[in-house]
Structures are given as structure tokens and as C-alpha cells.
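Peer 1: Need the 3D shape of this:
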Amino acid sequence: MGFVPPEVMQQELNLFWQNIFTFVSWGIVIVMLIIAVRMGRAQRTAFYLFAILAACVGAFAEPLYDVAFDLWFYDVHEGEPGAMLSHFTAFGIVQPWWSHSGYVILYATACLYAGRRMFEGRMTPQLLFIIWGAEIFASCVFEGIGTGVGVYEYFGPYVLRLWNYPFVIGVLEGTQTIIFTVMAVHLWRRLPSTVGLLGLFVLFPVTMLGGNFGLGWPIIIALHLSPAEFSMGLVWAGTLISIALCAIAVYGLTKFLPQPVSVAR
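Peer 2: Now for the predicted structure:
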């Protein structure tokens with residue numbers, strides 16, 4: 001595989017849903033920023049704000065993800081009135097503004113609602129698995145809508161699709177979120193100063209790309225085998241192996257959860 005089919009490139013962008021994704025998602029991000037600032041002031045930390053900003057900046061790496069996982073953002077009328085609301089193009093894939101807000105919503109929210117509990121050592125393995133499931137569900141809802149209403153698509157020969165959304169992608173994204181959150185909290189505990197927390201801007205792309213590529217390589221390779229070697233059986237195998245690797249990774253993270261410490265409230 002490895003190329004974008006012409007019928008995918010010519011798919012009509014649903015401008016109504018593009019506007020929904022753009023303005024509603026950025027509205028949610030504004031609310032998240034307000035919450036992050038208020039929590040940060042109360043707890044005297046830049047952790048929450050920097051986690052959001054790190055995810056937002058990290059979205060500039062999205063084209064690497066798009067190439068690996070066969071993702072295409074629709075933009076039939078680029079350069080004409082009513083075209084995609086975009087800001088740059090890489091690997092021939094036009095990037096929408098809402099990709100940044102989407103990153104914040106999908107990948108930084110767990111830092112807001114679970115970060116402090118982890119920091120204080122009050123996160124249990126059972127609760128971490130529940131959060132993992134919640135993040136997978138959130139990814140399936142967010143991206144299931146986007147791929148189902150004509151905004152973008154995963155065009156590869158995926159199996160286990162929910163509507164038009166490959167379930168394996170949701171599992172990978174949920175796992176990536178857990179990896180980033182746990183590692184971010186470890187950084188917070190070890191380098192709690194504002195300068196130290198700038199490391200989140202490095203940590204996010206490392207966990208985002210490392211998590212998706214490191215756990216998703218079986219499905220990535222299966223999708224992009226040469227025509228002579230490609231088979232749907234290998235896609236199934238790659239899908240199930242990647243999902244299994246994600247479960248193993250989350251189980252491993254339960255062994256790295258921060259231990260309880262005395263925290264001034």
C-alpha cells in the first residue's frame with residue numbers, strides 16, 4: 001500500500017462538520033486552559049498548563065503519524081473560498097487547525113483529571129486501567145465522528161472498524177495518553193520547577209510518536225507490505241498484536257505508578 005488512493009484525495013470535505021470540529025474543539029480547549037490555570041495557581045505549579053501546551057505544540061508532528069497510519073484530511077477545494085481551515089502541509093497532507101485542539105482534548109485531559117492523584121501516589125492499577133478504557137472510548141467517539149461525517153479518514157485496509165474508525169487506532173491513542181500522563185507526572189515529581197516542567201514539551205512528542213510507532217509497528221508494517229506480500233490475515237495479526245502490546249504496556253505502567261508522598265494541600 002503506502003499511497004493515497006485518488007478517490008480518497010478527491011473526497012468532498014464536509015464544511016459544516018469542519019466548522020464544528022474547529023470552533024467547538026477550540027472552545028473546549030479554552031475551557032481546559034481556564035481550568036489548568038486555576039488549578040495551577042491553587043497548587044502553585046505550571047504542570048497542567050504546560051501539559052496542554054505541550055500537546056498543542058506536539059500536533060505539528062501529526063504528518064508523521066498520518067503517513068504511518070494512512071490518515072488523510074479531506075481538502076478537495078484547497079486555495080478556494082470555503083477550503084479547509086489549514087495552516088501547513090507536509091508529505092502532501094494538508095493539516096487542519098483543529099488537529100491542535102484535538103490533540104489537547106484527547107491527550108492532555110487525563111493530566112487534568114488524573115495528574116494530581118498520580119502525583120500524590122493515590123493512583124491504583126485498577127483505576128489506571130479504567131482511565132485507559134475511558135481514553136479509548138473518548139478517542140473512538142471523537143475520531144469516530146470525524147471519520148464518519150466526511151472530515152477525514154483512515155484509508156488503509158484496516159479491520160475491526162467502528163463505523164469508519166479503526167478500533168486499533170483508538171487503543172493506540174488511549175495507550176499513548178496513559179504513557180504520556182504517567183511519564184509527565186514522574187517528571188513533575190522530579191523536576192517540579194517551572195523550568196523543569198518545560199521538559200513536557202520534549203516528553204510529549206517522544207511518548208506520542210514512540211507509543212504509537214513502538215506499539216503500533218505490527219499494524220503499520222502489515223498495512224504497508226508490498227502487494228505481493230500483503231494479506232488481510234497479516235492485517236488481522238498486526239491489529240491483534242498491537243492491541244496486545246498496548247495492554248502489556250499499560251500493565252507495565254501500573255508497576256511504575258508514583259508511590260505516595262506527603263503533599264501540602
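Peer 1: what bits of the protein have low per-residue confidence?
Peer 2: 1-2, 76-82, 262-265 (pLDDT under 70).
Peer 1: switch to 80 and redo it
Peer 2: Along the chain, segments meeting pLDDT under 80 span 1-2, 76-83, 261-265.
Peer 1: can you pull out the helices in it?
Peer 2: For the chain, the helices defined by DSSP state H cover 6-9, 15-19, 25-43, 47-58, 62-69, 98-119, 125-148, 167-190, 194-197, 200-223, 232-254.
Peer 1: Name the surrounding residues that touch the first one.
Peer 2: The set of residues external to helix 6-9 that reach it, using Cβ atoms under 8 Å, 6 or more residues apart in numbering, is 72, 153, 155. Bear in mind the C-beta positions are built from the backbone N, C-alpha and C, glycine included.
Peer 1: before we move on, back to that, reformat the helices of the chain into CSV and put mean neighbour count next to each item.
Peer 2: Below are the helices of the chain laid out as CSV (neighbours: other Cβ atoms under 10 Å):
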stretch, mean neighbour count
helix 6-9, 12
helix 15-19, 16
helix 25-43, 15
helix 47-58, 24
helix 62-69, 20
helix 98-119, 22
helix 125-148, 18
helix 167-190, 24
helix 194-197, 14
helix 200-223, 20
helix 232-254, 17
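Peer 1: Columns distance to residue 92 on top of those, output as a markdown table?
Peer 2: Shown next, in a markdown table, are the helices of the chain (distance: least, Cβ to Cβ, whole Å):
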| stretch | distance to residue 92 |
| --- | --- |
| helix 6-9 | 9 |
| helix 15-19 | 19 |
| helix 25-43 | 24 |
| helix 47-58 | 21 |
| helix 62-69 | 9 |
| helix 98-119 | 16 |
| helix 125-148 | 19 |
| helix 167-190 | 21 |
| helix 194-197 | 36 |
| helix 200-223 | 18 |
| helix 232-254 | 24 |
